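[1] got a sequence here, can you model it:
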Amino acid sequence: MLDIQKNLSRRFYALLSLPSTAMGFALSVQIAALSWILTTQYGLDIHEVGLVWAAGPIAGILGQVIIGIISDKVWFWNGRRRPFIVIGGVLAGLMLLALPNIDIVSTSMGVESLLAMAIAIALTLDLAINVSFNPTRSIIADVTPEGDKRTLGYTWMQTISGTFGILAYAIGAVWGNYVLIYLGAALVLILSVIPPFFITEPKQLPVSVDGQQGSLSFKEILINIRPLWGFIIYDVYAMARQISRVEVTHYYAEMACAFLTLMFVLQTIMAKEEGHSDAKAGLIGFRKVLAAHSFSWVGVQTMFVFMFAFLQDKMPAISDKELGQIISIAFLILSIVAAYLPALLLEPMAKKFGRVKVHTYAIASMAVGYFAVAMIGESKYTLYVLMAILGIGWSSIISLVFAIMSEKIDQNKMGMYMGLFNLSVVLPQLLVSLGVGLFISQTGDKSAIFYLCGIALTLSTICWTQVKEHRK
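    Numbers count the residues shown, from 1 in each chain. I've put the predicted structure just below:
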């Protein structure tokens, strides 16, 4: 073990952040370039772009939960998380190289459907990112103690990852998305393959609070993700509808699933944590975090996927190149705030007021920002200012939440719970791709995109008010 790891020095926190930075950079490239390249180079419409983005959540469901459970139990290459970080990083780098060459790959493989090949490449890229993302976050919890040291680890993760995210959007804004893609492929390979071999992982994870060493049963897993049942039901329905190519002209299924989701979420957030053992209270709190975080991601993913449609509607005179640059600059500003706000403001405030309270106010500010974009975001300069406001909530979503969640679950099942936690991200993402995408494509005024984002973040804020701080 390196001395910097024994002492938990700043250099070690920086080193520990690099694998997550690699996956974050790959995700930044995807956010900045995927919708743009599919619409401008390959001519896909809004609904088809949504279908391609659906590949990511599917990969997350398959990848992060399964890999999380496996990585808690395996040990090879002198690591528990290391093998999955390396394998996922190599695969992600290769898929980034394939992204601007979908037509060439499609022709060489004899696949006639460009949409099918785009979905295949996007699915593989997302699967690679998801294979690595869970371990890159779990390893931080594995090698840091609970409390401020772990919060510091996730804060460093976001600062380093966010700095490289800034670099990604800056490259896209100045030199274009093609340069970004090729540089991103090289960077992802380097940061995911080399750093993990300098981090010493504990061969034995801490014993759980309840003394149980095994994984949860399938029934227990279903109970723990109860607030997400409504999302699951809708996603299964929407996928079946897409596969069968059934056309519908009403929103009865959407309304029914929305009612079920609100019912399951309400039951979850109204449950009391007081009067239970630490283990039981932690699981109740974990379910509340799932409920609150899922609504955050409905709004965030809607912004990521359909920002281009909003800009095309509100700024019809801009060229495809200008569209790509505006999107890159907007997400650059979002990333600048998200990179440095956790270390400069969120962490000190979390120590003083509590992580949950600070996160709740950050999410509330994001809801206000989304409504403002919908109402006055028709100028690119106004949009840039509002993106800075949105960065407050985004910075908390990708930093404080992990520290909040990790302290509510058994430490020897960190990978599994991190995978279950990721369902509160990928299931809403799938809903956005399959349901919101159809709604947006049929809506004339694309301001509806950000009104929907604002409503989702408002619901998230309400849920977060019911989450309790970790018992010390």
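
[2] need the residues that contact stretch 298-305.
    The contact list for stretch 298-305 (CB atoms under 8 Å, 6 or more residues apart in numbering) reads 31, 35, 49-50, 53, 366-367, 370, 390, 394, 397, 428-429, 431-433, 436-437, 449-450, 452-457, 460. C-beta here means a position set from N, CA and C on the backbone, and glycine is covered the same way.

[3] same thing but at 7 Å, please
    The set of residues external to stretch 298-305 that reach it, using CB atoms under 7 Å, 6 or more residues apart in numbering, is 31, 35, 50, 53, 370, 394, 397, 428-429, 431-433, 436, 449, 452-453, 456-457.

[4] can you check stretch 91-110 too?
    Outside stretch 91-110, the residues within contact range by CB under 7 Å, 6+ apart are 26, 29, 33, 37, 42, 114, 117-118, 121, 124-125, 128-129, 132, 178, 181, 184-185, 188-189.

[5] so which bits of that stretch are buried?
    Neighbour counts over stretch 91-110 (16 or more other CB atoms under 10 Å) mark 91, 92, 93, 94, 95, 96, 98, 99, 100, 102, 105, 106 as buried.

[6] and that stretch, how far out from the chain middle?
    What separates the centre of stretch 91-110 from the centre of its chain is 24 Å, taken as CA atoms, centre = their mean, to the nearest Å.

[7] quick check: mean pLDDT across that stretch?
    Taken as a whole, stretch 91-110 has a mean pLDDT of 84.

[8] what do you get for stretch 445-458?
    pLDDT averaged over stretch 445-458 gives 94.

[9] to the chain's geometric centre, what's the distance from that stretch?
    From the chain centre to the centre of stretch 445-458 is a distance of 19 Å (CA atoms, centre = their mean).

[10] got the buried residues of stretch 91-110 as JSON lines, with secondary structure and distance to residue 338 columns?
    Output for these, formatted as JSON lines (DSSP: H, G, I helix; E, B strand; the rest coil; distance: CB to CB, whole Å):
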{"residue": "91", "secondary structure": "helix", "distance to residue 338": "26"}
{"residue": "92", "secondary structure": "helix", "distance to residue 338": "21"}
{"residue": "93", "secondary structure": "helix", "distance to residue 338": "23"}
{"residue": "94", "secondary structure": "helix", "distance to residue 338": "27"}
{"residue": "95", "secondary structure": "helix", "distance to residue 338": "24"}
{"residue": "96", "secondary structure": "helix", "distance to residue 338": "21"}
{"residue": "98", "secondary structure": "helix", "distance to residue 338": "28"}
{"residue": "99", "secondary structure": "helix", "distance to residue 338": "23"}
{"residue": "100", "secondary structure": "helix", "distance to residue 338": "26"}
{"residue": "102", "secondary structure": "helix", "distance to residue 338": "29"}
{"residue": "105", "secondary structure": "helix", "distance to residue 338": "33"}
{"residue": "106", "secondary structure": "helix", "distance to residue 338": "35"}
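
[11] low-confidence ranges, the stretch 151-300 of the chain, go.
    Residue ranges of the stretch 151-300 of the chain with pLDDT under 70: 205-217.

[12] can you rerun that using 90?
    Within the stretch 151-300 of the chain, the stretches with pLDDT under 90 are 151-181, 199-225, 232, 235-255, 258, 272-285.

[13] walking through it, point out its helices one by one.
    Counting by DSSP state H, counting those that start in this stretch, the stretch 151-300 of the chain has helices at residues 177-193, 218-224, 229-244, 252-269, 278-314.

[14] Serialize the ones you listed to JSON lines and add fields for distance to residue 466.
    Below are the helices of the stretch 151-300 of the chain laid out as JSON lines (distance: least, CB to CB, whole Å):
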{"stretch": "helix 177-193", "distance to residue 466": "37"}
{"stretch": "helix 218-224", "distance to residue 466": "17"}
{"stretch": "helix 229-244", "distance to residue 466": "18"}
{"stretch": "helix 252-269", "distance to residue 466": "4"}
{"stretch": "helix 278-314", "distance to residue 466": "6"}
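
[15] on that earlier part again, need the buried residues of stretch 91-110 in a markdown table (columns: distance to residue 248).
    Listed next are those as a markdown table, based on distance: CB to CB, whole Å:
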| residue | distance to residue 248 |
| --- | --- |
| 91 | 36 |
| 92 | 36 |
| 93 | 40 |
| 94 | 38 |
| 95 | 33 |
| 96 | 36 |
| 98 | 34 |
| 99 | 32 |
| 100 | 35 |
| 102 | 30 |
| 105 | 33 |
| 106 | 30 |
